[in-house]
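Q: take a look and give me a structure for this.
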Amino acid sequence: MASTIISSSPVTNSDRSKRRKKKKSAAAAAAAQQFKQAEGSSSHARWRTESQQQIYSSKLIQALSQVQLNPSSPSAPCRGRAVREAADRALAVSARGRSRWSRAILTSRIKLKFRKQQRRRGGGGGISRARKPRVSVLRLRGKSLPAVQRKVRLLGRLVPGCKKEPLPVILEEATDYIAALEMQVRAMTALADLLSGSNQASAGSSG
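A: Residues are numbered from 1 along each chain as shown. Next comes the predicted model:
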């Protein structure tokens, strides 16, 4: 019986080093993913703490004190918009730029200021051309998308800074953003109750 000789390529040191590098990179990626998940869960939980609510309340009062409201203006939506922008800006500052939605809120405020400065410098002397109404190609494509993709796209538009992000990023940012909004509602409700109580006390003492 003839013996068959199976030729096998010898394992070189370069192959071993490549395998070690792959194992190290895989372990590092897994550790980074675990750290990111732990950091995300801790960031969601910190919005439910009393200390974080107090920090946001102080920043909210400071932001509202800088809002310039015109008492002679009968436009209630303008005043409400100014208060809402101040509350969202204080929320983004409280997040310290650790999330995409907080950075998007802060950068949108900077872009708005820059546009206002450009308009003031321009003086409005130029002739503005009327824009022709056009149908968005993305809107036409969105109608033909499946229901799940349409919902994901809608969620990405609702969360600041997540319009073009993939689904895992949108879900992570939406979870943190919802927790921050819940804390914002609690802080603003407590502040409104405090102000209404002080107004009633002052009205009772004056009467």
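Q: all helices of this structure, in order?
A: Taking DSSP state H, the helices of the chain run over residues 13-46, 50-65, 76-95, 100-122, 137-143, 147-158, 167-206.
Q: want to throw those into JSON lines with mean neighbour count and mean pLDDT?
A: All C-beta atoms are positioned from the backbone trio N, CA, C, and that covers glycine. Output for the helices of the chain, formatted as JSON lines (neighbours: other CB atoms under 10 Å; pLDDT from 0 to 100):
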{"stretch": "helix 13-46", "mean neighbour count": "11", "mean pLDDT": "64"}
{"stretch": "helix 50-65", "mean neighbour count": "15", "mean pLDDT": "91"}
{"stretch": "helix 76-95", "mean neighbour count": "17", "mean pLDDT": "87"}
{"stretch": "helix 100-122", "mean neighbour count": "13", "mean pLDDT": "79"}
{"stretch": "helix 137-143", "mean neighbour count": "9", "mean pLDDT": "53"}
{"stretch": "helix 147-158", "mean neighbour count": "13", "mean pLDDT": "92"}
{"stretch": "helix 167-206", "mean neighbour count": "14", "mean pLDDT": "87"}
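Q: which residues touch stretch 85-93?
A: Contact with stretch 85-93 is made by 56, 59-60, 62-64, 66-67, 101-103, 105-106, 109, 180-181, 184, 188, as judged by CB atoms under 8 Å, 6 or more residues apart in numbering.
Q: rerun that using 10 Å as the cut-off
A: For stretch 85-93, contacts defined as CB atoms under 10 Å, 6 or more residues apart in numbering pick out 47, 55-67, 99, 101-109, 112, 160, 177, 180-181, 183-185, 187-188, 191.
Q: please apply the same query to stretch 159-174.
A: The contact list for stretch 159-174 (CB under 10 Å, 6+ apart) reads 36-37, 40, 43-44, 88, 92, 99-108, 148-149, 152-153, 155-158, 175-178.
Q: switch the cut-off to 8 Å
A: Applying CB under 8 Å, 6+ apart, the contact partners of stretch 159-174 are 40, 99-105, 108, 152, 155-158, 177.
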